[in-house]
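Got a predicted structure here, sequence first:
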Amino acid sequence: MQQIPLDLHRIEAPSLENFVAGRNAEVLAWLRALRAGAPPAGASVIYLWGEAGSGRTHLLEALVGARAVLGPGSPPAGFRLEEDTRIAAVDDCELLDAERQQRLFQLLEHVRARPGAAVVAAGAQPPLGLALRDDLRTRLGSGLVGRLHLLGDDEKAALLGQVAAERGVALSPEVVPWLLAHTSRDIRALLALFDALDRHAYARKRAITLPLLRELGVTGALLTLKS
């Protein structure tokens, strides 16, 4: 048996274009408008919240790039907006220590005085539920607040079916429910797994079926191939 890691590098970099919105279409519209320089009213502060896998980090990285997203591990001095930058992004707000909370508060004050600038922040709870300073919770909730919803299984199934149809991939009807029940629930990981399955099925001139999945030993983030 040969274990081959899933090609995670094949997952597309996060972008607003490849974010699967589902019930999050309004939030996506806010961020597209912000990126285009025509933000909706109150968008100098945008706070996004939702459980793991709902797309918080994807959206922040789509706006500013993965390396520019601030968080609990960022140097405190990094909580600032450069002169040539309009948008700052801060993830995992609920995990910020006292020093970084102060830096974030100062950053929020700065964007209020700078037309066209914005902070897009994210966390696991709504602003008032964050274990942060009262003034910081209030400031995070003072602009646009959007809850991010996980994609439902029906939405994931429809997306996988759409991808298969666009590629002309033969997909037996029981495959998608099986993937949803037995592998990663994260949509980007699911799409990467589907991509790997497509390549291996194509190499074998086979349709993607449950027998093929069993032959490949599909388990979440691994394809275990029989040599």
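Okay, I see it.

ok now the longest helix belonging to the chain, how far from the chain's centre?
Secondary structure of the chain per DSSP state H: the longest helix is helix 187-203. Taking Cα atoms, centre = their mean, to the nearest Å, one finds helix 187-203 lying 19 Å from the centre of the chain it belongs to.

Which strands and helices lie in contact with the helix or strand following it?
With elements assigned by DSSP states H and E, the helix or strand that comes after helix 187-203 is helix 210-216. Helix 210-216 sits against helix 175-182, helix 187-203, strand 222-225, with contacts defined as 3 or more Cβ pairs under 8 Å, 6 or more residues apart in numbering; DSSP states H and E. Heads up, the C-betas are built off the backbone N, CA and C, glycines and all.

Go through helix 210-216 and flag the buried ones.
Across helix 210-216, burial judged by 16 or more other Cβ atoms under 10 Å covers Leu212, Leu213, Leu216.

Let me see the mean pLDDT of it.
Across helix 210-216, the average pLDDT comes to 83.

Going forward, the N-terminal residue is numbered 37.
With 37 as the first residue, the last one maps to helix 246-252.

Tell me if I'm right that Leu195 and Ile223 touch.
Yes. With contact defined as Cβ atoms under 8 Å, Leu195 counts as touching Ile223 (7.0 Å).

and Ala158, that's in a helix?
No. Assessed with DSSP: H, G, I helix; E, B strand; the rest coil, Ala158 is strand; it does not lie in a helix.

Number of residues surrounding it?
Close neighbours of Ala158, defined as other Cβ atoms under 10 Å, add up to 26.

Pull up the per-residue confidence for it.
Model confidence at Ala158, given as pLDDT, is 98.

Ramachandran coordinates for the spatially closest residue to it that is not a sequence neighbour?
Nearest non-adjacent residue to Ala158, counting by Cβ to Cβ, 6 or more residues apart in numbering: Arg92, 4.0 Å away. Main-chain dihedrals, Arg92, degrees, to the nearest 10: phi -60, psi -50.

gap between Arg92 and Ala69?
19 Å (Cβ to Cβ, to the nearest Å).

same question, Ala61
According to Cβ to Cβ, Ala61 and Ala69 sit 13 Å apart.
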